[in-house]
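S.K.: my questions are about this predicted structure, shown below with the sequence.
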Amino acid sequence: MSWSKIHFYYAHQLAGLTATTEDANYPVSNLLDRLDGTFYKGTSMAIHYITNDVGIDNQMTADYLAFGGDNLGITGIELEDNFNDSSLNSTNFGSAVTGTGTVVETTTLTITTPNPDGAIVYSKNLYNKTTPQVRGIRAQATTVGVSLMFCSLQHVAAAPPPVAVTTYNARMVSDIFQTSTADFKARYRAAAGTIYYWDGTTLSWSTDSAKTFYTGALSTNYRTELENNGTSFRWNLYNASDVLLAHTGWVAWSAAYSNADPVYFVMGDVWSDANYGTLVISNYRHSQAATVALEFSNDNFSSDVRQAFTAFVRSGSVAVVKEFASISGRYSRLKLSGLKAIPQISLAHWGLRTEMDYADVSYDPDAQEFKGNLNVSETGYLTGVHTKYYERQIDIGFDDADDTLYQLIKTWWLAMGMGCFFVAWEKTNHSADIWIVRPAPKRFKNPLTKGGAYRDINISLLGRR
């Protein structure tokens with residue numbers, strides 16, 4: 001295994017940052033104070049831009065983005081409370097044959113007089129198959145002898161229902177419903193046009209339309225979900241207590257009849273068998289975390305908008321460093337979209353990374369020290385532990401370093417003071433090991449050796465695990 005040189009991520013030309021929204025108590029300037037105990041906080045979950053302008057006739061160049069101490073990795077439930085097509089008809093699908101009813105509240109649709117020839121649309125939204133997400137509803141069928149469609153995926157371009165079975169087959173991609181005997185069925189239309197039904201067995205789909213996968217009950221609340229990992233999908237069925245009752249096998253999007261984009265995700269029933277009493281619906285989407293992008297421009301993003309890298313979805317909460325080919329511009333901005341919480345970030349900056357050298361003095365990049373209190377009895381038994389935190393301790397040494405490396409170290413020291421920055425000790429083979437650290441409070445002392453030709457350099461860094 002080959003090793004890579006140690007990287008420091010601290011240098012930047014950022015000053016006077018502005019943000020789309022800013023909590024007055026947590027200004028965006030906190031991103032640059034090099035303190036991991038303060039943070040920037042916005043005031044909304046709309047698309048956020050954190051923008052820097054280096055001024056007329058100036059250019060900023062960057063090849064990395066670093067941030068940490070943030071909540072951008074939060075995923076969440078998004079409620080979509082809209083009732084399309086006046087709540088009770090299928091105008092946007094073609095013929096508008098309606099039942100009658102009332103919207104009791106934004107998440108409950110009650111059909112008081114079902115129309116056996118009608119088609120009812122609760123919510124219809126364009127669906128992105130390549131975006132990992134979970135979407136679903138809560139519902140219950142209360143009328144004996146009829147079926148209840150919970151959710152379905154349908155082609156936008158196909159012929160609209162209410163229609164005969166042949167036209168229905170031309171539109172359906174996949175759906176999950178409760179039959180007139182209260183049992184559940186899930187089906188999907190393959191690329192070749194054949195409709196398959198889940199029979200409840202692992203990896204088993206059948207062309208037998210009589211196949212059901214779960215024995216249900218009427219007047220019982222269930223939750224159904226379409227789970228999408230970006231390349232495949234499956235249906236999940238839960239009871240009222242959110243206990244998983246059953247789920248289908250995964251179906252690759254490429255195997256499903258889903259080439260006629262875009263596709264609608266529909267809550268409720270748009271087929272001709274939409275005859276049921278009360279449909280209690282909680283429409284939600286369990287979606288991915290925030291998407292992070294970095295953009296550069298020379299005209300304040302009017303027509304010149306250049307991406308530093310392909311936008312990525314934030315995952316987890318550990319510190320992040322994104323390296324990319326160097327890019328320049330007067331204006332640069334961090335773009336945050338798809339936020340699931342009002343954004344909070346302790347440290348964030350972009351600039352030019354500093355590549356040090358191979359550390360030739362042995363050290364442990366995972367060295368840590370327990371910070372807290374231990375209670376031990378007189379006979380040596382552990383009776384209590386009060387953990388405050390674990391301190392990361394990294395001691396890096398370069399023996400007989402030349403002046404080029406020393407100047408890099410000196411520049412870093414003068415810029416940093418005791419503030420926080422980001423370090424990668426082995427970028428090639430341990431790319432996830434990105435840590436927020438700070439110089440240990442000690443002297444900057446790197447003595448000359450061998451008649452002044454070289455130096456022995458020692459750096460001590462501290463941080464939280």
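M.R.: Alright, I've got the coordinates.

S.K.: who's in contact with the nearest residue to residue 398 once chain neighbours are set aside?
M.R.: Nearest residue to residue 398 in three dimensions, chain neighbours excluded: residue 457, at 4.3 Å (CB to CB, 6 or more residues apart in numbering). C-beta: built from backbone N, CA, C; applies to glycine. By CB atoms under 8 Å, 6 or more residues apart in numbering, the contact set of residue 457 is 397-398, 401, 405-406, 409, 446.

S.K.: determine which two of those are furthest apart.
M.R.: Farthest-apart pair in the contacts of residue 457 is 397 and 406; separation 13.1 Å (CB to CB).

S.K.: can you tell me the helix or strand for the residue nearest to residue 69 when sequence neighbours are not counted?
M.R.: Nearest residue to residue 69, sequence neighbours excluded (CB to CB, 6+ apart): residue 346, at 2.8 Å. Per DSSP states H and E, residue 346 falls inside strand 344-351.

S.K.: could you do residue 323 as well?
M.R.: strand 320-329.

S.K.: mind checking what helix or strand follows that strand in sequence?
M.R.: Taking DSSP H and E, what comes next after strand 320-329 is strand 331-337.

S.K.: and that next one, C-alpha only, in CSV?
M.R.: Only the C-alpha atoms of strand 331-337 are listed here, as CSV (Å, rounded to 0.1, in the frame of the first residue of the first chain):
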residue,chain,number,x,y,z
TYR,A,331,-17.4,35.5,-7.2
SER,A,332,-17.8,32.1,-5.5
ARG,A,333,-20.6,30.6,-3.6
LEU,A,334,-21.6,27.5,-1.6
LYS,A,335,-25.0,26.3,-2.7
LEU,A,336,-27.2,24.2,-0.3
SER,A,337,-30.4,22.8,-1.7
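
S.K.: ok, residues contacting whichever helix in the chain runs longest?
M.R.: Secondary structure of the chain per DSSP state H: the longest helix is helix 403-416. Helix 403-416 has contacts (CB under 8 Å, 6+ apart) with 8, 10-11, 34, 354, 356-357, 398, 401, 438-439, 444, 446, 455, 457, 459.

S.K.: which one among these gets closest to residue 333?
M.R.: residue 11 (18.7 Å).

S.K.: so what are the domain limits for this structure?
M.R.: Split into domains by automatic domain parsing, the chain comes to 8-73+290-353, 76-287, 368-464.

S.K.: now render those domains as JSON lines, adding distance to residue 362 and mean pLDDT.
M.R.: Shown next, in JSON lines, are the domains of the chain (distance: least, CB to CB, whole Å; pLDDT from 0 to 100):
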{"stretch": "domain 8-73+290-353", "distance to residue 362": "20", "mean pLDDT": "92"}
{"stretch": "domain 76-287", "distance to residue 362": "42", "mean pLDDT": "67"}
{"stretch": "domain 368-464", "distance to residue 362": "8", "mean pLDDT": "84"}
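
S.K.: rewinding a little: got the angle between the strand holding residue 323 and strand 344-351?
M.R.: 50 degrees (axes from the mean of the first three to the mean of the last three CA atoms, to 10 degrees).

S.K.: name every strand pairing with strand 320-329 and say which way it goes.
M.R.: Strands that pair with strand 320-329, judged by DSSP bridges, come out as strand 60-70 (antiparallel).

S.K.: which pLDDT value belongs to residue 356?
M.R.: pLDDT for residue 356: 84.

S.K.: roughly how far is stretch 333-344 from the heart of the chain?
M.R.: The chain centre lies 11 Å from the centre of stretch 333-344; the measure is CA atoms, centre = their mean, to the nearest Å.

S.K.: and if you look at stretch 188-196?
M.R.: The answer for stretch 188-196 is 31 Å, by CA atoms, centre = their mean.

S.K.: over to stretch 303-323?
M.R.: That offset, for stretch 303-323, works out to 12 Å (CA atoms, centre = their mean).

S.K.: stretch 244-263 too?
M.R.: That offset, for stretch 244-263, works out to 21 Å (CA atoms, centre = their mean).

S.K.: for that stretch, buried residues please.
M.R.: Of the residues in stretch 244-263, 246-248, 251, 253, 256-258, 263 count as buried by neighbour count, 16 or more other CB atoms under 10 Å.

S.K.: from those, which land in strands?
M.R.: Residues of these located in strands (DSSP state E): 246-247, 251, 263.

S.K.: would you list those residues in a markdown table and tack on distance to residue 386?
M.R.: Conversion of these to a markdown table gives the following (distance: CB to CB, whole Å):
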| residue | distance to residue 386 |
| --- | --- |
| 246 | 45 |
| 247 | 43 |
| 251 | 51 |
| 263 | 54 |
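
S.K.: for these, which one is nearest residue 196?
M.R.: Nearest to residue 196 among those, with distances taken as CB to CB, is residue 251, at 8.4 Å.

S.K.: in the sheet, who's paired with the closest one?
M.R.: Beta-bridge partners of residue 251, as defined by DSSP bridges: residue 233.

S.K.: quick one: contacts for it?
M.R.: Contacts of residue 251 (CB under 8 Å, 6+ apart): 174, 188, 205, 232-234.

S.K.: remind me which helix or strand the closest residue to residue 205 other than its chain neighbours belongs to.
M.R.: In space, residue 205 comes closest to residue 196 once its chain neighbours are excluded; the distance is 3.9 Å by CB to CB, 6+ apart. For residue 196, the host element (DSSP H and E) is strand 195-198.

S.K.: this protein: helices as residue ranges?
M.R.: Going by DSSP H, the chain shows helices at 165-171, 403-416.

S.K.: how about those helices, which one is nearest residue 58?
M.R.: When the helices of the chain are compared (using CB to CB), the closest one is helix 403-416, at 19.0 Å.

S.K.: for the nearest residue to residue 212 once chain neighbours are set aside, phi and psi?
M.R.: If the residues on either side of it in the chain are set aside, residue 212 comes closest to residue 183, at 4.0 Å by CB to CB, 6+ apart. Dihedral pair for residue 183: phi -80, psi 160, per degrees, to the nearest 10.
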